[in-house]
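Asker: Just the structure for this:
(one chain, ligands or ions: 1)
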Amino acid sequence: MPGTSDPRRVLIASNRGPISFVRGEEGHVVAKRGQGGLVTALTGAVQGTGGLWIASAMSEEDRSKAGKRFDVDVGATRYSVRYLAIDPPTYAGFYDGISNRVLWFVHHLLWDLPRAPIFRGLARDWDRYRSVNQAFTRALAEEGGTSDSTRYLVQDYHLTLVPAMLRRARPNARISHFSHIPFAGPDYFAILPEWARQEMLAGLLGADVLGFQAPAWAANFLMCCRTLSGAKVDLRRGLVRWQDRDVRVRVYPISIDPEGLRVEAAAPEVARARKEMLRIAGGARLLVRVDRAELSKNILRGLLAFEALLESQPARRREVTFVAHLSPSRQRIREYRDYTNECVGAAERINRRFGRAGWTPIRLTMKDDYARALAAYQLYDVLLVNPVMDGMNLVAKEGPVLNERDGVLILSETAGAFTELGAHAVPVNPFDVEGTARAIGVALDMDPVERQRRLRGLRTAVVRNPIERWVEAQLEDLEVGGR
Ligand code: G6P
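Answerer: You can find the predicted model right below:
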């Protein structure tokens, strides 16, 4: 771990920063911690290195702080942050147009191919995507200067062009890029026009090290590189020879901070949320899901699977309540809104069909409420994590750490987390609704000794991969070899 004596300076670039400022209901500005595991995982890397986090300004309040760096405390860590204020139409093309409507869809295989995608205005949005990537590159190059000791850690699908741009600006820089999401195989990736594929692959190959969450995504990336003229791919060694450099393709599964999570779960709001959830359950057992309301999470098929279970096994009615704890995500985009509405509609229909006095089969909520998510983790009997495709999925790691009921994890074979946790979970094919219904039944009926054994196995697997390891391993690999 880089300490104060470490000459390295770490610069992080991601679209969403570690913190965002929003105006609260009473009109004053409140700081909101960024979602996801990234903030926690990078804590050690920026602490004490004189490092800096560069991110997009997401709110008006962020925009007012843009351009200059400032220090901010997130939990126990002090970050230096610099926001980039991008003009709104450019940002919309970059974030909604390309990142969320195209790249998210291609890498999670989300298109309903007979109908979508229909690319219109793709080149225009791509120009905007490119100019935001340029803005990040300029800020990184400026902050990094010409010093050899700067390490650039570029994050995710929003910033795939940055490595090559930065390489041009700083030829000797040490750059890594990490994909938090899956990477499509060459057939699905070929849905994108060739120019976009080429620019994206060449963009990523500007890095020294390319990180992925799971072996399958790294393998897909390497297979895609085989289609890129001028690239020589060594699948076995995970190397791509590109423009006289070796680019290393590696797997760094991200983890969580179990201790930090336990501290958060001890807060009084969590106790309150827990009481409320127990009241709502009214003695029924709890099937739980915790997700952003978003297409890759496969929420709809999860609801249909629960319906299939209630239909095929009437004895389950009243025995179990499904708590679907969803937080709104990217609702500016029609596809995400439509999907969310479909999920809400399905839950209402199932509730009308099976609900009885004193028992509502599905309790679906749609709001940002972290305390309630933690309470749901503590109380689940069965945790349903059935994404269509997922880079890692941290719910599958967080839930077992906090659970107090020897709860069983149902996990998609297509989640990156399956590599580490699959042996202790009940596996599902996310497309198989009847199979998922059966898996819920199996999980509910599992004998107590087996439940305990599996929960122990899950916790051990999580603890075995300490959170610091993720960034340490990337920084170590940046020191190796080079050009
Ligand atoms: C995924 C991505 C992150 C992203 C997060 C939330 O985990 O890998 O880069 O920040 O989703 O999505 P949002 O669009 O709200 O930032």
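Asker: Could I get the full set of helices for the stretch 301-450 of the chain?
Answerer: 334-354, 370-379, 395-402, 418-421, 433-445, 448-463 (DSSP state H, counting those that start in this stretch).
Asker: can you list contacts of the longest one?
Answerer: If I follow you right, that is helix 334-354. With contacts defined as CB atoms under 8 Å, 6 or more residues apart in numbering, helix 334-354 is touched by 100-101, 105, 293-295, 299-300, 303-304, 306-307, 310, 317, 324, 326, 328-331, 360-362, 364, 366. C-beta: built from backbone N, CA, C; applies to glycine.
Asker: if we compare the helices of the stretch 301-450 of the chain, which one ends up closest to the ligand?
Answerer: Among these, helix 334-354 comes nearest to the ligand, with 9.6 Å by CB to the nearest ligand atom.
Asker: Figure out how far that closest one is from the centre of its chain.
Answerer: 23 Å (CA atoms, centre = their mean, to the nearest Å).
Asker: so which residue of this protein comes closest to the ligand?
Answerer: Nearest residue of the chain to the ligand: His180, at 3.4 Å (CB to the nearest ligand atom).
Asker: That residue contacts Leu38, doesn't it?
Answerer: Yes: His180 lies in contact with Leu38 (CB atoms under 8 Å); the separation is 6.9 Å.
Asker: Name the residues contacting each of the two.
Answerer: Counting by CB under 8 Å, 6+ apart, the residues touching both His180 and Leu38 are 155, 254.
Asker: Tell me how many other residues surround the residue of the chain closest to the ligand.
Answerer: Burial measure for His180: 21 neighbouring residues, criterion other CB atoms under 10 Å.
Asker: Now do the phi/psi pair for it.
Answerer: In terms of degrees, to the nearest 10, the main-chain angles of His180 are phi -80, psi -10.
Asker: OK, contacts around it?
Answerer: Contacts of His180 (CB under 8 Å, 6+ apart): 36, 38, 155-157, 213, 254, 391-392.
Asker: now swap in Val442 and tell me
Answerer: Val426.
Asker: Can you pull the residues of the stretch 151-300 of the chain lying near the ligand?
Answerer: Contact residues (CB under 6 Å from any ligand atom) of the stretch 151-300 of the chain with the ligand: 156, 180-181.
Asker: how about those residues in TSV, adding distance to Trp470 and pLDDT?
Answerer: Shown next, in TSV, are those (distance: CB to CB, whole Å; pLDDT from 0 to 100):
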residue	distance to Trp470	pLDDT
Asp156	14	97
His180	11	97
Ile181	15	97
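Asker: Can you find the helix or strand of the protein with the lowest average pLDDT?
Answerer: In the chain, no helix or strand scores lower on mean pLDDT, DSSP states H and E than helix 38-46, which sits at a mean of 76.
Asker: How far away from the center of its chain is the helix or strand just after that one?
Answerer: Downstream of helix 38-46, the next assigned helix or strand under DSSP states H and E is strand 52-56. Taking CA atoms, centre = their mean, one finds the center of strand 52-56 at 18 Å from the center of the full chain.
Asker: Would you mark the buried spots in strand 52-56?
Answerer: Counting neighbours by 16 or more other CB atoms under 10 Å, one finds that the buried residues in strand 52-56 are 52-56.
Asker: average pLDDT for that strand?
Answerer: Average pLDDT, strand 52-56: 95.
Asker: what angle do it and helix 38-46 make?
Answerer: 150 degrees (axes from the mean of the first three to the mean of the last three CA atoms, to 10 degrees).
Asker: Neighbouring strands of strand 52-56 in the sheet, and parallel or not?
Answerer: strand 9-13 (parallel), strand 77-84 (parallel) (DSSP bridges).
Asker: ok, of those strands, where does mean pLDDT dip lowest?
Answerer: Among these, strand 77-84 carries the lowest mean pLDDT, at a mean of 89.
Asker: Specify the next element, helix or strand, located C-terminal of that strand.
Answerer: helix 88-92.
Asker: for that following helix, packing partners?
Answerer: Here helix 88-92 touches helix 122-144, going by 3 or more CB pairs under 8 Å, 6 or more residues apart in numbering; DSSP states H and E.
Asker: what angle do the helix it packs on and strand 52-56 make?
Answerer: Going by the same axes, to 10 degrees, helix 122-144 makes 160 degrees with strand 52-56.
Asker: list the buried ones in the next helix or strand after helix 122-144?
Answerer: The helix or strand immediately downstream of helix 122-144 is strand 150-155, counting by DSSP H and E. Using 16+ other CB under 10 Å as the test for burial, strand 150-155 gives 150-155.
Asker: Pull out the buried residues from the very next helix or strand once past strand 150-155.
Answerer: Scanning forward in sequence from strand 150-155 by DSSP H and E, the next helix or strand is helix 162-169. The neighbour-count check on helix 162-169 (16+ other CB under 10 Å) flags 162-167 as buried.
Asker: ok, which pair from these is furthest apart?
Answerer: The span of the buried residues of helix 162-169, defined through CB to CB, is set by Val162 and Arg167 at 9.4 Å.
Asker: Spit out the residues that contact the two alike.
Answerer: By CB under 8 Å, 6+ apart, the residues touching both Val162 and Arg167 are Gly206.
Asker: Would you work out how far apart the start and end of stretch 13-26 are?
Answerer: From its first residue to its last, stretch 13-26 covers 32 Å (CA to CA, to the nearest Å).
Asker: hmm, it touching the ligand?
Answerer: Yes: under the criterion of CB under 6 Å from any ligand atom, the ligand is reached by stretch 13-26 at Arg16.
Asker: Can you give me the buried ones in that stretch?
Answerer: 13-21.
Asker: Strand 150-155 and the least confident helix or strand of the chain, what's the angle between them?
Answerer: Going by the same axes, to 10 degrees, helix 38-46 makes 170 degrees with strand 150-155.
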